[in-house]
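A.B. asks: can't give you the sequence, but here's the structure:
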């Protein structure tokens, strides 16, 4: 595996994670529990679209075949998307979306922090901006979980249901393939297992404060980084890519 | 109609840069202090308007009214001895 | 002179002297009522306005377009919020205003009861609908009620990019493929007349206009604002090759204004009365998600009670 190719794949994975998470958050537009939260969710979504764009642009540079960031976002199909399975799950209720947001941020924060030591300057640059944003996302979602855990019986129940459903997808965020091996050797990326301690520390702290317990399940599903997805992704891409596919080559 | 709860009202004050006074930006709704602060950030600083924020429950603001204005503020208008220009300095004096 | 008459006289003097009225100042009951109605209606319009644009946010055709549209819709939400706050200075709560909206007692701008069918509609809404709103809002920033004028000022500042991004979309599409040009013209055809209706009925038929002008709640008439919008917009349409769908449109060199054909006020009143293509859908959406959020708001308040008790 050549390092350049591995880096391209890794960038696409990071871009796709953010693109799909942002697209899901954008679904909340005009649907928030209160106007203020509508604005907050949009801010997070805009941060993630921005991060996606930065990673796609870098991927386009690495690919160096005339394809743009938009081509990468809007013209690849579900078997070419490398995002994790967590972010593509449907939104569910506000507790469900908050739990998704929390788990993703709890993973992305230590990842971006670790990438500050990357030998790749561009990756370092993109993630140093992203880490500030992700810290806020983590704080925002953590506080909601604590509110739910200490709010009403219903809010506690809804967030525990969300956790029961979503926990099965958390291992997938740490899944690695040959690309990761090449990048670890080159000092560009990290062994994702090394950030699991940090992820678990965050998760345990907040779940304790929010009276949530991690479910025991054997139903752990992985495959995102190898482009093996749930059925939901294809439907999302149909909607997201509609105009680009219906009008090939058109400029917007 | 049910579900009328819209949380409580807060006033937002923004400091635009370090050292500047905090100025009133507007109001918002939130359930608790931390939410109020984050909502203030999300609602009122989307265009880089702030470096620091205060949030205050709206019912803690005490305001004077226009009817109070005459007795409150007019009495200060003729007390010009409170301004430096009121005083005549001896000719030729400097740095004062 | 009774105290009431004296207060009213003083109030009018303040208005005539271009002073701003603040929440705790004396004001005629009708001034208060008119402003609550107008500001809450304006707030509801911003919030309902998130829906037709939200309809395209997931399908925006580029990363740039997606970010812009999302930021714009977010602004609309923010503007709704500022306006609810301005109305709340009268002591009416946001919850009450939302209740009035959902019970059909409060209106919102009829323009949002039209469907957004293609991406070009995002251009038409930004350029025409926000363009019309800006003409109106620039006037309202001079309103005699302080909190409303301040909210409008902030809103005008933020909306600076809205109309430009809409016009940019239209311009790009008119420069694009035949299908794109067709979409742009189609959006123009559908949104032109409803945009003109946004300024409200002609001055002669406008129920609240005279008193509102007298109290400087509005400082210019519906017809004058409508004409200003048309004069600006026709030139912009011509510039990018769009045809204004009005066969009577012609420039009058003497008045230096564009003269336009008759507006279909029957259509306007049909939509105002709730029978536009999307009235039902917009309200259902609003009620549905308002109710869906009830447990969240309840939990947040329950949590607050717990932490403040400790």
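C.D. replies: Here it is on my side, so go on. Because the structure is a prediction, the values reported are computed rather than measured.

A.B. asks: hmm, which helix or strand of the chain has the shakiest average pLDDT?
C.D. replies: Because you didn't say which chain, this covers chain A. helix A:178-185 (a mean of 94; mean pLDDT, DSSP states H and E).

A.B. asks: that's the wrong chain, I meant chain C
C.D. replies: Sorting the helices and strands of chain C by mean pLDDT, DSSP H and E puts helix C:209-214 at the bottom, at a mean of 85.

A.B. asks: Give the next helix or strand downstream of it.
C.D. replies: Later in the chain than helix C:209-214, the nearest helix or strand by DSSP states H and E is helix C:222-239.

A.B. asks: number of nearby residues for residue 217?
C.D. replies: No chain specified, so I'll use chain A. 10 (other CB atoms under 10 Å in any protein chain shown). Using the backbone N, CA and C atoms, a C-beta is placed for each residue, glycine as well.

A.B. asks: look at chain C instead
C.D. replies: Neighbours around residue C:217, by other CB under 10 Å: 22.

A.B. asks: Could you list which residues are in contact with it?
C.D. replies: C:31, C:34, C:35, C:38, C:143, C:144, C:145 (CB atoms under 8 Å, 6 or more residues apart in numbering or on different chains).

A.B. asks: Mind doing that once more with 6 Å?
C.D. replies: Residue C:217 is in contact with residue C:143, counting by CB atoms under 6 Å, 6 or more residues apart in numbering or on different chains.

A.B. asks: before we move on, the earlier item: okay, buried residues for the least confident helix or strand of chain C please.
C.D. replies: Buried residues in helix C:209-214, counted by 16 or more other CB atoms under 10 Å in any protein chain shown: C:209, C:212.

A.B. asks: What parts of chain B come near chain C?
C.D. replies: Residues of chain B lying close to chain C (CB under 6 Å from any CB of the partner chain) are B:1, B:3-6, B:26-27, B:31-32, B:43, B:63, B:65-66.

A.B. asks: can you confirm residue A:55 is in a strand?
C.D. replies: No. Counting by DSSP: H, G, I helix; E, B strand; the rest coil, one finds residue A:55 to be helix, located in no strand.

A.B. asks: Can you tell me how far it is from residue C:55?
C.D. replies: 28 Å (CB to CB, to the nearest Å).

A.B. asks: For the two, indicate the residue with more neighbours.
C.D. replies: residue A:55 (27 against 17).

A.B. asks: Which pLDDT value belongs to the more buried one?
C.D. replies: Residue A:55 carries a pLDDT value of 98.

A.B. asks: Can you give me every residue that contacts it?
C.D. replies: By CB under 6 Å, 6+ apart, the neighbours of residue A:55 are A:11, A:14, A:15.

A.B. asks: which one is it nearest to, not counting chain neighbours?
C.D. replies: Counting by CB to CB, 6 or more residues apart in numbering or on different chains, the nearest residue to residue A:55 once its immediate chain neighbours are dropped is residue A:15, at 3.5 Å.

A.B. asks: likewise residue C:101?
C.D. replies: Nearest to residue C:101 is residue C:44, by CB to CB, 6+ apart, at 4.9 Å.

A.B. asks: Near chain B, which residues of chain C? Just list them.
C.D. replies: Going by CB under 6 Å from any CB, the residues of chain C near chain B are C:24-25, C:78, C:82, C:85, C:94-95, C:99, C:291, C:294, C:297, C:300-301, C:304.

A.B. asks: which two from these end up farthest apart in space?
C.D. replies: Distance extremes for these: the farthest pair is C:25 and C:291 at 37.7 Å, using CB to CB.

A.B. asks: more crowded one of the two?
C.D. replies: residue C:25 (17 against 13).

A.B. asks: For the biggest helix by length in chain C, buried residues please.
C.D. replies: If you go by DSSP state H, chain C has its longest helix at helix C:63-88. Along helix C:63-88, these residues count as buried under the neighbour rule (16+ other CB under 10 Å): C:63, C:65-88.

A.B. asks: mean confidence score for it?
C.D. replies: Here the average pLDDT along helix C:63-88 is 96.

A.B. asks: Provide the contact partners of the helix or strand that it is followed by at residue level.
C.D. replies: Following helix C:63-88 in sequence order, the next helix or strand is helix C:94-102 (DSSP H and E). Around helix C:94-102, the neighbours that count as contacts under CB under 6 Å, 6+ apart are B:1, B:4, B:6, C:40, C:44, C:84, C:106, C:287.

A.B. asks: redo that, cut-off 7 Å
C.D. replies: Outside helix C:94-102, the residues within contact range by CB atoms under 7 Å, 6 or more residues apart in numbering or on different chains are B:1, B:4-6, B:29, C:40, C:43-44, C:84, C:87-88, C:106, C:108, C:283, C:286-287, C:290.

A.B. asks: Among those residues, name the buried ones.
C.D. replies: Buried residues within those, counting neighbours by 16+ other CB under 10 Å: B:5-6, B:29, C:40, C:43-44, C:84, C:87-88, C:106, C:108, C:283, C:286-287, C:290.

A.B. asks: what's the closest of those residues to residue A:80?
C.D. replies: Nearest member of the buried ones among the contacts of helix C:94-102 to residue A:80, counting by CB to CB, is residue C:286, at 38.4 Å.

A.B. asks: Quick one: residues contacting that closest one.
C.D. replies: Residue C:286 neighbours (CB under 7 Å, 6+ apart): C:48, C:102.

A.B. asks: and it, that's in a helix?
C.D. replies: Yes. Counting by three-state DSSP, residue C:286 falls inside a helix.

A.B. asks: What separation do you get for it and residue C:309?
C.D. replies: Distance from residue C:286 to residue C:309, by CB to CB: 34 Å.

A.B. asks: same check, this time on residue C:236
C.D. replies: 59 Å.

A.B. asks: Between those two, which is the more surrounded one?
C.D. replies: Remark: of residue C:236 and residue C:309, residue C:236 carries more neighbours, 16 against 6, as counted by other CB under 10 Å.

A.B. asks: The more buried one: what's its closest spatial neighbour, skipping adjacent residues?
C.D. replies: residue C:167 (6.4 Å).

A.B. asks: gap between that neighbour and chain B?
C.D. replies: 21 Å (CB to the nearest CB, to the nearest Å).

A.B. asks: before we move on, which element is that residue in?
C.D. replies: helix C:160-174.

A.B. asks: Pretty sure residue A:206 sits in a helix.
C.D. replies: Yes. Assignment of residue A:206 by three-state DSSP places it within a helix.
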